[in-house]
Structure formats: structure tokens, C-alpha cells
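K.L.:
Take this sequence and fold it.
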Amino acid sequence: MPLVAHNALPTYERLRREGQTVLDPGRAERQTIRALHIGLLNMMPDAALEATERQFFRLVGESNPIAQFYMHPFTLPQLPRGEKARAHIEHHYDHFEDLREAGLDALIVTGANVTHPDLAQEPFWKPLIEVVDWALEHVTSVLCSCLATHAVMQFRYGQKRHRLPGGKRWGVYPHCVVDRTHPLVADVNTRFDVPHSRFNQIDRAQFEAAGVHVLVESHEAGVHLAVSPDGFRTVFFQGHPEYDTISLLKEYKREVLLYAAGKRPDWPPFVEHYFPAQSRAIIEEYRLRLEQALDQGLEPPPFPEALIAPRLHNTWHDTAEAVVGNWMGGVYQLTHHDRKLPFMDGVDPEDPLGWRGRTRKR
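P.N.:
Below is the predicted model:
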């Protein structure tokens, strides 16, 4: 169902141009459908701030026909920001204190850039704990993305991520649903792709040691989707199902430009299972031209993004939309209009969606 453009955030107009339904507040108030208020704690760095905002808004807005969605982006003041990002946040983002007072139905927490080997040394560590601790007491469900998953697994469950021995896990990997009974994976493909982009990982054994239940994993990329022991209060993504088709291309381009500027010692390896053969050939040809220019002291040629992008395929968005739709459905099912915790009136707080004991054959 539609997003509601309850402020002047530019993302709403961008999504309208893409063809997504976005209502103005006056029209939304005339609807008889229930409203859900979703927080987005956006901790991404400046270059990815607005793109991440759009990606999660898009997933929520496309996800479920049962409600209209008021999105409330906010961030943490401890994160370093440039002038443009500060202005965007100042004009369009909410303050956590205001959201805490008003209440939310659900919360999404994004990843962030880190500079320390231990997440507890990051400037966002204590304020993130404050937000998550509040949310787990006052919000129906919290969805953690990538680094947010690692942080919550560390400070709530005592499980620290570890460095991947083979370097960066970077690509689009096939995944399988390993528990088909859970409502979050109802009616989704039992095998589907998910993008990953990270240097660190929490293994299945660590999730299981914490009592966290694994729902989706990959032989190559590890666990992607897991849920807290109750089955719903915390949802963990270790991959990036919110990514646009070109998101990994943008990351690859950034690494190539770092190499061209002498800020990366080696040519970046291809993103796995992502570039088709023709795109790889275009990149190899570009590499030769770039090396020649660097050897001759000439201006590097522009990266051929416009030639590569149309040849890329998105093999993950539909399933991501379905999983988020199921998540929104669970939030709708358990949320009261006053947005107080719903575990009352016969709902089992240890199994709020009635997941345990289900059987499903597919």
C-alpha cells in the first residue's frame, strides 16, 4: 500500500517518478485503511545516505496492501557528516526523542561505516544501544540490516562478528529457505539470490548459540535471514536485499577509482555472480585503457558505467519485497492503534505469530 508523503523529503518525489504510489497527507487522512508508522535509523555514510533511504522506503511502500505507511527517518548525531548531508538531515529527518515520545510500530536499522576492529569502540555504539533497547520494549518488531545485525548480536547476545579469511564477501549469491514454516518466508521462493557486501560475518553456529533461529542461508555467503528466539521481535538481515540493481556496480566503480587515484594498491576483483560476460569484457578493456593512461601520465578515462548498467540483472528484489511484506503483515497483525506492545489478549509473547508447531509443504 502507499507511502504517505507527510513531509517534503525528496525521496517521495523520486519514488513517484519511478511509478510508486505516494499519497499526500490530505488524501491519506480520507482513507479508511490503517496507518503504520515505521522508523528508519539511517546510519549510512553521506554518499549512501539518500540511496539507502530510498531503498528501504521503496521496499516498505511496495510490500503489503493492508496499510498505508508513514516513514520516519532519523540518524545519530554522533556520526560524522558533511555539510550537504547535515542539511538534508536537518530539513527532513526526525529526532529520536520526538519519535520516542510519539511511538512507532516498527523500526528498521541500517548498517554504517566503521573504523575500529571492535564495534564497541565506534562513536555510534552507545546511542545505538539506547535506540535498540527502547525499541525492543516499545516497538512491535526491529529489522536490522548488515552491520546493525552484527552490532545487535554483539550487545544483546554476546556474539562478536569475525573477519572473513578470504577477504571481502562481495557479490550476488544463491540462498535457500531452511525453515519453510516461518511466516516471514511464507509464499516466497525457496531458493533466491541476495547481494552481500562485507568483510565480516556472524556464522550460523553463533546465531544458534544465541538462540537466534536461522531462516535463510547460502552455502557461499552464510546466513542471510534470522529471527530472535520469539520468532519476530528482532529480524536480522546479514545481506543487502534492499540494494538497487546498480548498487554493487557503484561500489565496484568506487574501488576502481580508488585504484586509479593510487589509494588502492590492487585492481578490485570482480563482484561475484553479478557481471555478465559482456560487462566483464568491457571492464577488462577499460582496465587496459586506464593502465595505459596511468603509465603515460594522462588523465584516466571515465569508467564505462553507462555501458555496464543496462546489462545487469536484478534477481533478488521480488523476494525481498515479499519478505518485507510478510514482516509488515506481522507488524499489522500485532500492532494496536495506540502502538503499545501487543503481547496481550491471548497472544503468546514467546511466539507472537503462532509460528511454532506449524508445518508447511512446498
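K.L.:
alpha carbons only for contacts and neighbour counts from here, please
P.N.:
Noted.
K.L.:
what's the lowest-mean-pLDDT helix or strand in the chain in contact with?
P.N.:
Ranked by mean pLDDT, DSSP states H and E, the weakest helix or strand in the chain is helix 25-29, scoring a mean of 69. Among residues not part of helix 25-29, those counted as contacts by C-alpha atoms under 8 Å, 6 or more residues apart in numbering are Val4, Ala5, His6, Gln68.
K.L.:
C-terminal to it, what's the next element?
P.N.:
Tracing the chain C-terminally past helix 25-29 and defining elements by DSSP states H and E, one meets strand 35-41 next.
K.L.:
contacts for that following strand?
P.N.:
Applying C-alpha under 8 Å, 6+ apart, the set of residues contacting strand 35-41 from outside is 53, 67-76, 104-110, 332.
K.L.:
Stretch 295-315 too?
P.N.:
In contact with stretch 295-315 (C-alpha under 8 Å, 6+ apart) are residues 192-194, 244-246, 249, 253, 260, 274-276, 279, 282-283, 286, 289-290, 293-294.
K.L.:
residues touching Thr110, list them.
P.N.:
Applying C-alpha under 8 Å, 6+ apart to Thr110 gives the contacts Leu40, Leu41, Asn42, Met43, Met44, Cys144, Ser145, Cys146, Leu147, Ala148.
K.L.:
Let's see that with 7 Å instead.
P.N.:
When the contact criterion is C-alpha atoms under 7 Å, 6 or more residues apart in numbering, the partners of Thr110 are Leu41, Asn42, Met43, Met44, Cys144, Ser145, Ala148.
K.L.:
Can you classify Ala135 as helix, strand or coil?
P.N.:
Three-state assignment for Ala135 (DSSP: H, G, I helix; E, B strand; the rest coil): helix.
K.L.:
quick revisit: the contacts of strand 35-41 in strands, which ones?
P.N.:
Using DSSP state E, the members of these that fall in strands are Gln68, Phe69, Tyr70, Met71, His72, Pro73, Phe74, Ala106, Leu107, Ile108, Val109.
K.L.:
Just to check, His92 is in contact with Tyr12?
P.N.:
No - using C-alpha atoms under 7 Å, His92 is not in contact with Tyr12, being 11.3 Å away.
K.L.:
which of the two has more neighbours?
P.N.:
Tyr12 (23 against 15; other C-alpha atoms under 10 Å).
K.L.:
doesn't Ala5 make contact with that one?
P.N.:
Yes - using C-alpha under 7 Å, Tyr12 and Ala5 qualify as a contacting pair, with a distance of 6.1 Å.
K.L.:
Please parse this protein into its domains.
P.N.:
Following the assignment in automatic domain parsing, the chain carries domains at 3-243+314-334, 247-311.
K.L.:
pLDDT weak spots in the stretch 251-362 of the chain?
P.N.:
336-346, 359-362 (pLDDT under 70).
K.L.:
In terms of helices and strands, where is Gly171?
P.N.:
strand 169-177.
K.L.:
How far does that strand sit from its chain's centre?
P.N.:
Here strand 169-177 shows a centroid-to-chain-centroid distance of 15 Å under the convention C-alpha atoms, centre = their mean, to the nearest Å.
K.L.:
ditto for stretch 314-325
P.N.:
On C-alpha atoms, centre = their mean, the centre of stretch 314-325 falls 12 Å from that of its chain.
K.L.:
now stretch 267-284
P.N.:
24 Å.
K.L.:
Contacts for it, please.
P.N.:
Outside stretch 267-284, the residues that reach it (C-alpha under 7 Å, 6+ apart) are Trp170, Gly171, Val172, Tyr173, Glu255, Val256, Tyr259, Ile308, Arg311, Leu312.
K.L.:
related to what we said a few turns ago, please identify the most buried of the domains of the chain.
P.N.:
The densest packing among the domains of the chain, expressed as mean neighbour count by mean count of other C-alpha atoms under 10 Å, is seen in domain 3-243+314-334 with a mean of 18.
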